[in-house]
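> mind folding the following:
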Amino acid sequence: MRVCFISHSAGRYGAELALLELLQGLVKLGVRCLVLVPKEGPILSELDRMNIEWRIIHYPKWTSRSLLTRIAKSLISLVIAVRMVQILVQWRCDVVYTNTSVICAGTFAAWFARKPHVWHLHESSRQKSKTESKVEEYWMLHLMQHLSKYIVVVSNAVKNDYMRYMESGKIRLIYQAVTLCDENEKTDDLYHDRCFFQCVIVASLNPWKGQREAITALSEVVRRGINARLLVVGDGKERFLTTLQRQVKDCNLEQYVEFIGYVENPMKFIRMADVVLICSYWEPFGRVTVEAMLSGKPVIGTNGGATAELVNDGVTGLLYDPGDYNELANKIQYLYENPEKGLKLGSAARIWAVDRFTQERYAKEVFDLLNEVLKKV
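Numbering: from 1, shown residues only. This next block holds a predicted model:
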């Protein structure tokens, strides 16, 4: 079996890390893989290490706040798809697999080449711009449904979101794999002798990821006399970083909040944590959530999206209503005052997660789906 994967970027963020996990598992099952990326980036060195062939094709994302811009990008994607067809034919591809909802060139290329197409959705329609019209949304989902054999989703939350628009028989839920990069490696804990309670939030700097809420909750916790600290791990637009830094200054939290920036492997900081905060307003999956659980760390997350699907409130973590920073502060205070409860939650989370997000299971489920696709051709 020969499969061409389309990635929306060459970075190392959630969707790309899930793709790398999938590729590693499929190669072990004898699948020949080719990966197309829109530009150079860190994922290419990972593909080279795995001896997976890759090509750079400069295709655009088709998402846009403007209907005219989206149409223009779609037309550009049609032209680029013709170039993709040449690669698919040269490589004798059996299936085209698009690893995102924001790229449409792959599905056009598959259609031109008369090859089956699978769309893997790591995003939700809830994440689309509020200015996006119902016409644009309907047109995009119509294209997804009619030009793909199957649509893979990463959580029940995403599945329920898209089932409003698509045939349920085409949608398949497959949880991705999460492998800790340094699972057996001991990390030097710079905070080994600390006398404060360490909170950590790992996410790209984006308003919907909830960093502002985490900082506001920390301010309330500190106001209550709790010696807590917050590590903010991740990068994003400079403008939003400046907004967060101004918030920290306005709240007199300079000695309590530290901005780490982007790190390739956040496990060092997760292992420093007394609690990991997942403050996203609506998370399609939540790789960091699973990484924290596999590390045996207690999680406080929002009661919505896939976070509520992964965290059993009071058993494998704690949940709070998104937007309620006071409730988040109460949960942080509870774990601070009851460290034995944090250890119990973290232990239960690790036991629950350890066998559910393996690379072998992930690859086998996708492999079986690909075999189903080929049987229908």
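> tell me the span between the first and last residue of stretch 308-321.
10 Å (Cα to Cα, to the nearest Å).
> list the contacts of it.
155-157, 278, 286, 289-290, 293, 298-303, 307, 327-328, 330-331, 334-335, 345, 348-349, 352-353 (Cβ atoms under 8 Å, 6 or more residues apart in numbering). The way it works is simple: take the backbone N, C-alpha and C, and place the C-beta from them, glycine included.
> buried ones in that stretch, by neighbour count?
308-311, 316-320 (16 or more other Cβ atoms under 10 Å).
> how about stretch 149-160?
Using 16+ other Cβ under 10 Å as the test for burial, stretch 149-160 gives 149-155, 157-159.
> stretch 333-353 now?
Buried, per 16+ other Cβ under 10 Å, within stretch 333-353: 333, 335-336, 342, 345-346, 348-350, 352-353.
> residues in contact with that stretch?
With contacts defined as Cβ under 8 Å, 6+ apart, stretch 333-353 is touched by 178, 197, 221, 224, 226, 228, 274-275, 290, 292-300, 311-312, 315-318.
> just the buried members of these?
With burial judged by 16+ other Cβ under 10 Å, the buried subset of the contacts of stretch 333-353 is 178, 197, 221, 226, 228, 274-275, 290, 292-300, 311, 316-318.
> among these, which are located in helices?
Within the buried ones among the contacts of stretch 333-353, residues falling in helices by DSSP state H are 221, 290, 292-294.
> any chance of the residues you listed in a markdown table, plus distance to residue 98 and pLDDT?
Compiled in a markdown table, those are given as follows (distance: Cβ to Cβ, whole Å; pLDDT from 0 to 100):
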| residue | distance to residue 98 | pLDDT |
| --- | --- | --- |
| 221 | 43 | 98 |
| 290 | 23 | 97 |
| 292 | 29 | 98 |
| 293 | 29 | 98 |
| 294 | 28 | 97 |
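> which of these lies closest to residue 69?
residue 290 (35.3 Å; Cβ to Cβ).
> give me every residue that touches that closest one.
The neighbours of residue 290, taking Cβ under 8 Å, 6+ apart as the test, are 178, 310, 353, 357.
> who's in contact with the residue nearest to it when sequence neighbours are not counted?
Take residue 290 and drop its neighbours on the chain: the residue closest to it by Cβ to Cβ, 6 or more residues apart in numbering is residue 178, 4.2 Å away. Counting by Cβ under 8 Å, 6+ apart, residue 178 touches 21, 287, 290-291, 294, 353, 357.
> mind listing the helices for the stretch 101-250 of the chain?
Using DSSP state H, counting those that start in this stretch, the helices of the stretch 101-250 of the chain run over residues 105-113, 134-146, 156-162, 211-223, 238-250.
> in the chain, which helix has the most residues?
Longest helix in the chain by number of residues (criterion: DSSP H): helix 67-90.
> which strands or helices does that one pack on?
Judged by 3 or more Cβ pairs under 8 Å, 6 or more residues apart in numbering; DSSP states H and E, helix 67-90 is in contact with strand 32-37, helix 105-113, helix 134-146.
> I'd like the mean pLDDT over the last one, please.
Just to be clear, that refers to helix 134-146. For helix 134-146, the mean per-residue pLDDT is 68.
> same check on stretch 11-21?
Stretch 11-21 comes out at a mean pLDDT of 92.
> list the contacts of residue 163.
Going by Cβ under 8 Å, 6+ apart, residue 163 touches residue 171.
> circling back: quick check, nearest of the ones in helices among the buried ones among the contacts of stretch 333-353 to residue 55?
Comparing those against residue 55 with Cβ to Cβ places residue 290 closest, at 31.0 Å.
> do you know how far the closest one is from residue 176?
Per Cβ to Cβ, to the nearest Å, residue 290 is found 9 Å from residue 176.
> give me the common contacts of those two.
Common contacts of residue 290 and residue 176, defined by Cβ under 8 Å, 6+ apart, comprise residue 357.
> and the closest residue to residue 152 other than its chain neighbours, how many neighbours?
In this structure, residue 152 finds its nearest non-sequential neighbour in residue 120, 4.4 Å apart by Cβ to Cβ, 6+ apart. Look at residue 120: counted by other Cβ atoms under 10 Å, it has 26 neighbours.
> what sits against residue 120?
Neighbour list for residue 120: 97-100, 151-152, 154 [criterion: Cβ under 8 Å, 6+ apart].
> again, 10 Å this time
Neighbouring residues of residue 120 by Cβ atoms under 10 Å, 6 or more residues apart in numbering: 5-6, 15, 18-19, 22, 97-101, 148, 150-154, 172, 174, 176, 366, 369.
> contacts only, for residue 198.
Contacts of residue 198 by Cβ under 10 Å, 6+ apart are 189, 191, 228-231, 269, 272-276.
> er, residue 111 actually
If you count contacts by Cβ under 10 Å, 6+ apart, then residue 111 has 78, 81, 85, 96, 117, 143, 146-148 around it.
> let's have these in CSV, adding distance to residue 246 and neighbour count.
Shown next, in CSV, are the contacts of residue 111 (distance: Cβ to Cβ, whole Å; neighbours: other Cβ atoms under 10 Å):
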residue, distance to residue 246, neighbour count
78, 44, 15
81, 45, 22
85, 50, 19
96, 46, 27
117, 46, 24
143, 42, 17
146, 47, 12
147, 46, 15
148, 44, 24
